[in-house]
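S.K.: Quick one, fold the following:
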Amino acid sequence: MQVVNSAQKSSKPNKNLSLPFTPKRFINDEVSHTESLQVSLWEDMENREYPERKVLVSNLIHDREAVMLYSPTGVGKTWLSLAIAMIVAGRGKMELLDWENQDPQPVCYVDGEMLEEDIHERIKLLIPSLDVDEDLLRKNFRYLSRVSQPDDVEDFLSFELEKNQVEILSWLNINTESGVSPLLVLDNLSNLVELGDDNSAGQMQSFNMMVTKARKYD
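M.R.: Residues are numbered from 1 along each chain as shown. Presented below is the predicted three-dimensional model:
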């Protein structure tokens, strides 16, 4: 790594900084294509007004954040992710972990392997222990299941595809009111992102870009 001393530069620095770069999708194009990345000075950050953050689950997650649950099969990831979704949607709490929500938000729970009726039964079992408001849960909780689609629907969302990423985020944006911070839950990654042996790293990178889009989607 080479560090260039700023004193070596003779030209006056531009306060409105931007970094020209070539996006990966245009690297091999014959015609040059550049975009600009915003670079912030500390002075800019001092004077910039940032939106107030909403607490979705205390001690766990705010709006514009992402959380990944990772564990071997069968230890309860779905139970835990469903509990988090219900706390957010129904103003619930989990005293054991000091998790709670005082400002319920819309939730879209996308499931890649379970039947709708199985999730329904789990919700009923979790309601008493999470102290959720059932009316808020009915209003805010949306469930999208791969295996509960009509017989004529052969395919499902594949979140390594940019088209499907935009479709789910746009749908969520359209179907939620202004000023709210919807939570998107994907359960689970292995069933909702197709990872091939040869280019799985590239597909995972594409999914990671979806997470970035979701955190700043408007």
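S.K.: Which strands or helices does the helix or strand where residue 125 lies pack on?
M.R.: Following DSSP states H and E, one finds residue 125 within helix 116-130. For helix 116-130, the packing partners by 3 or more CB pairs under 8 Å, 6 or more residues apart in numbering; DSSP states H and E come out as helix 77-90, strand 93-94, helix 134-140, strand 141-145. In this view, the C-beta of every residue, glycine as well, is placed from N, C-alpha and C.
S.K.: Give me the sheet partners of the shortest one and which way each runs.
M.R.: Here strand 93-94 is paired, per DSSP bridges, with strand 99-100 (antiparallel).
S.K.: Pull the residues that contact the strand it pairs with.
M.R.: Applying CB atoms under 8 Å, 6 or more residues apart in numbering, the external contacts of strand 99-100 come out as 57-60, 84, 87, 92-94.
S.K.: Of those, keep whichever come out buried.
M.R.: 57-58, 60, 84, 87, 92-94 (16 or more other CB atoms under 10 Å).
S.K.: Next up, identify which helix or strand residue 37 is on.
M.R.: In this assignment (DSSP H and E), residue 37 forms part of strand 35-38.
S.K.: And the furthest pair within the contacts of strand 99-100?
M.R.: Farthest apart among the contacts of strand 99-100 by CB to CB are 59 and 92. That separation is 14.0 Å.
S.K.: Contact partners for residue 122?
M.R.: 78-79, 82.
S.K.: Just among these, which is most surrounded?
M.R.: residue 82 (25 neighbours; other CB atoms under 10 Å).
S.K.: Could you pull up the residues touching it?
M.R.: Residues near residue 82 by CB under 8 Å, 6+ apart: 109, 119, 122-123, 126, 185, 187.
S.K.: rerun at 7 Å
M.R.: Counting by CB atoms under 7 Å, 6 or more residues apart in numbering, residue 82 makes contact with 119, 122, 126.
S.K.: how close does the residue lying closest to residue 107 once chain neighbours are set aside sit to residue 140?
M.R.: Of all residues not flanking residue 107 in the chain, residue 89 sits nearest, at 4.3 Å (CB to CB, 6 or more residues apart in numbering). Taking CB to CB, to the nearest Å as the measure, residue 89 falls 4 Å from residue 140.
S.K.: shared neighbours, those two?
M.R.: The contact sets of residue 89 and residue 140 overlap at 104, 107 (CB under 7 Å, 6+ apart).
S.K.: Where does pLDDT dip in the chain?
M.R.: Counting by pLDDT under 70, the chain contains low-confidence ranges at 1-16, 195-204, 216-218.
S.K.: can you give me the strands for it?
M.R.: 18-21, 35-38, 55-57, 61-62, 93-94, 99-100, 107-111, 141-145, 183-187 (DSSP state E).
S.K.: for those, which one sits closest to residue 164?
M.R.: strand 107-111 (10.6 Å).
S.K.: gap between the closest one and the chain center?
M.R.: The chain centroid and the centroid of strand 107-111 are separated by 11 Å, computed with CA atoms, centre = their mean, to the nearest Å.
S.K.: go on, stretch 64-75?
M.R.: Centroid separation between stretch 64-75 and its chain, computed with CA atoms, centre = their mean, is 13 Å.
S.K.: Check which residues of that stretch are buried.
M.R.: By 16+ other CB under 10 Å, stretch 64-75 has no buried positions at all.
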